[in-house]
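S.K.: Prediction below, plus the sequence it came from.
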Amino acid sequence: MSEEKNGGNHDAPKSNVVAETSAPARASAVPELLEFVAAIERQEGFSAERIEEIAAALREALEIIATRAYRERTGEITITCKHDQWGKLVIVITDAGEPLNILLSDVVFPGEEPLGDGALRASARLIKKMIDNIEYKRVDRENTLSFFLSPELRRR
């Protein structure tokens, strides 16, 4: 995943990859992935408090991916840290597990019953609270969860 794609728009500026790593999609790999991201955030000048906020959201996302997207099989989680075209730090989490849009797990659509998994709903709310902007997409059998980050604290 080292090659950047612009979605066919040749005039759009390419994002700059800062660093990338992969680890097995297991809960035991989460601390290593968190430290990888924290090192980049420190390099980018994020405060210790903001790094903790982001780590809380990232931990939730990675643990959900490891336990739910890879229930019956093994695989890898890749984290890419990059700058978008506006210079904002973006953490991109990619996996080839089962389709899993964490962002919709706390949404109840009209006429639907709420999901029975309160822990997943709470996780989605925590992630949304700590991260400035989040995007999910499923393309070519890959889940991609992108965290767009600013250095300002989110807790209020």
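M.R.: Cool, got the structure. Predicted model, so just to flag it, every value in this text is computed and none were measured. Numbering: from 1, shown residues only.
S.K.: And the pLDDT at Arg154?
M.R.: On the pLDDT scale, Arg154 is placed at 79.
S.K.: List the residues that contact it.
M.R.: Contact analysis of Arg154 by Cβ atoms under 8 Å, 6 or more residues apart in numbering lists 50, 53, 129-132. To be clear about C-beta, it is placed using only N, CA and C from the backbone, and glycine gets the same treatment.
S.K.: Now with 7 Å, please.
M.R.: Going by Cβ atoms under 7 Å, 6 or more residues apart in numbering, Arg154 touches 53, 129-130.
S.K.: just Leu33 next, same as before
M.R.: 23, 62, 77, 79.
S.K.: Of those, just say which sits nearest to Val37.
M.R.: Among the contacts of Leu33, Ile79 lies closest to Val37 (Cβ to Cβ), at 6.4 Å.
S.K.: distance between stretch 52-68 and the chain's centre?
M.R.: 8 Å (Cα atoms, centre = their mean, to the nearest Å).
S.K.: The worst-scoring helix or strand of the chain on mean pLDDT: what's the following helix or strand?
M.R.: None of the helices or strands of the chain scores lower by mean pLDDT, DSSP states H and E than helix 118-130, at a mean of 75. Using DSSP states H and E, the helix or strand that follows helix 118-130 in sequence is strand 133-139.
S.K.: pretty sure Arg141 is in contact with Glu98, am I right?
M.R.: No - judged on Cβ atoms under 7 Å, Arg141 makes no contact with Glu98 at a distance of 9.8 Å.
S.K.: Of those two, which one has the most company?
M.R.: Ranked by neighbour count (other Cβ atoms under 10 Å), Arg141 and Glu98 place Glu98 first, with 16 against 9.
S.K.: Go ahead and list the helix or strand containing that one.
M.R.: Counting by DSSP H and E, Glu98 is part of no helix or strand.
S.K.: got the contact list for it?
M.R.: Going by Cβ under 7 Å, 6+ apart, the list of residues near Glu98 reads Ala69.
S.K.: And the pLDDT at it?
M.R.: On pLDDT, Glu98 comes in at 90.
S.K.: same thing with Ala38?
M.R.: 98.
S.K.: The nearest residue to it once chain neighbours are set aside and Phe36, how far apart?
M.R.: Leaving aside its chain neighbours, Ala38 sits nearest to Ile51 (5.2 Å; criterion: Cβ to Cβ, 6 or more residues apart in numbering). According to Cβ to Cβ, to the nearest Å, Ile51 and Phe36 sit 12 Å apart.
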